[in-house]
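Trainee: Here is the input, now give the coordinates:
(one chain, ligands or ions: 1)
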Amino acid sequence: MLMKDSNAFVTGVANHRSIAWAIARALDREGARLALSYLGDREKEGIEKIVGQLQTPPLLVQCYVSDDDSVGAAFTRVSDELGRLDALVHAIAFARREDLDGRYTDTSRDGYHLALDVSAFSLNCLVRAAESLMTDGGGIVALTYLGSERVVANYNVMGVAKAALESGIRYLAGELGERGIRINGLSAGPIKTLASRGIKGFSTMHKLHAERAALRRNVDVDEVADAALFLCSRLSRGMTGEIIYVDGGYRIMGL
Ligand code: NAD
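Mentor: Numbers count the residues shown, from 1 in each chain. Okay, the predicted model is just below:
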């Protein structure tokens with residue numbers, strides 16, 4: 001069991017389709033004790049319907065990443081109930097629909113701030129709060145997407161947020177490495193979830209991705225979750241500050 005005697009905090013579970021939920025299942029399968037965070041009452045109801053599938057009942061905490069008090073309260077509960085933390089998963093992103101539908105050029109100041117705050121700065125907030133609980137070091141994973149480095153239709157401000165997230169991963173990794181805390185990014189291919197449904201033309205993107213990926217198919221959440229498990233566990237103990245791609249080999253393809 002890769003995560004025996006480990007405690008992991010997984011953020012961003014909205015429902016059974018969430019990438020975070022698949023990661024939670026993989027960590028639970030390998031023996032981790034879990035804390036799961038949810039955004040609000042609707043997400044909490046969704047989680048309560050599925051948590052019975054886990055081997056060990058998790059701690060459920062509310063965490064709204066744009067509010068320092070909410071993040072502080074969530075980590076106080078994690079600290080009280082779990083004590084030490086060995087792994088943290090950041091699977092949170094948000095942008096306004098209008099900032100994904102139109103031209104990137106026309107992104108509003110508010111929309112830009114909101115997307116960057118929720119999708120990128122939130123990693124700082126979570127890592128800063130987790131740092132003191134990761135007394136034996138550990139693995140942190142953040143979910144990202146290729147739109148950070150390539151122009152992807154309708155990804156717009158979220159691509160810029162993912163670029164900030166990925167750069168942040170490297171800076172955080174550079175600073176926290178001396179404490180044995182590793183931070184890596186996991187760049188997943190397109191998967192049908194609540195968040196991806198907000199991207200105009202996602203079905204077309206999903207179809208084209210499968211046609212053009214080296215494996216000639218899309219990836220599923222369990223493939224992403226197993227890579228996240230690797231990055232959370234000691235198996236990846238020599239890696240930090242990297243972005244690894246679980247995209248069926250889409251990124252490597254040229255003509
Ligand atoms: P999802 O909708 O299941 O998860 C997104 C989560 O972000 C939800 O749980 C939502 O409640 C949470 N969230 C949004 N705003 C928040 C806030 N202010 N505070 C706290 N939580 C907030 O969708 P998903 O596709 O599983 O997304 C998880 C991560 O994976 C995201 O970072 C996303 O960008 C990334 N990702 C998704 C895909 C894909 O195709 N689905 C591909 C690559 C990367």
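Trainee: Just the endpoints, please. Distance across stretch 248-255?
Mentor: 16 Å (Cα to Cα, to the nearest Å).
Trainee: Does it reach the ligand?
Mentor: No - judged by Cβ under 6 Å from any ligand atom, stretch 248-255 stays clear of the ligand, getting no closer than 11.2 Å. Backbone N, C-alpha and C define where each C-beta goes, glycine included.
Trainee: C-terminal to the helix ranked longest in the chain, what's the next element?
Mentor: Criterion DSSP state H: the longest helix present in the chain is helix 156-176. Toward the C-terminus, helix 156-176 is succeeded by strand 181-188 as the next helix or strand (DSSP states H and E).
Trainee: pLDDT of the following helix or strand past that next one, averaged?
Mentor: Note on strand 181-188: by DSSP H and E, the next helix or strand toward the C-terminus is helix 194-197. Mean per-residue pLDDT for helix 194-197: 90.
Trainee: same question, stretch 177-184
Mentor: On average, stretch 177-184 scores 98.
Trainee: Output the longest helix of the chain as CSV, restricted to C-alpha atoms.
Mentor: C-alpha atoms of helix 156-176 as CSV (Å, rounded to 0.1, in the frame of the first residue of the first chain):
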residue,chain,number,x,y,z
ASN,A,156,-8.7,32.0,-22.9
VAL,A,157,-8.1,33.4,-19.4
MET,A,158,-8.0,29.9,-18.0
GLY,A,159,-4.9,29.3,-20.1
VAL,A,160,-3.3,32.3,-18.6
ALA,A,161,-4.3,31.1,-15.1
LYS,A,162,-2.8,27.7,-15.8
ALA,A,163,0.4,29.3,-16.9
ALA,A,164,0.5,31.2,-13.6
LEU,A,165,-0.3,28.0,-11.8
GLU,A,166,2.5,26.1,-13.5
SER,A,167,5.1,28.9,-12.9
GLY,A,168,3.9,29.0,-9.3
ILE,A,169,4.5,25.3,-8.9
ARG,A,170,8.2,25.8,-9.9
TYR,A,171,8.6,28.7,-7.4
LEU,A,172,6.9,26.9,-4.6
ALA,A,173,8.9,23.7,-5.4
GLY,A,174,12.2,25.8,-5.3
GLU,A,175,11.3,27.2,-1.8
LEU,A,176,9.8,24.2,-0.1
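Trainee: which secondary structure elements does it contact?
Mentor: Where contact means 3 or more Cβ pairs under 8 Å, 6 or more residues apart in numbering; DSSP states H and E, helix 156-176 is packed against helix 97-101, helix 109-116, helix 122-131, strand 138-144, strand 181-188.
Trainee: Buried residues of it, list them for me.
Mentor: By neighbour count on 16 or more other Cβ atoms under 10 Å, the buried set for helix 156-176 is 156-166, 168-170, 172-173, 176.
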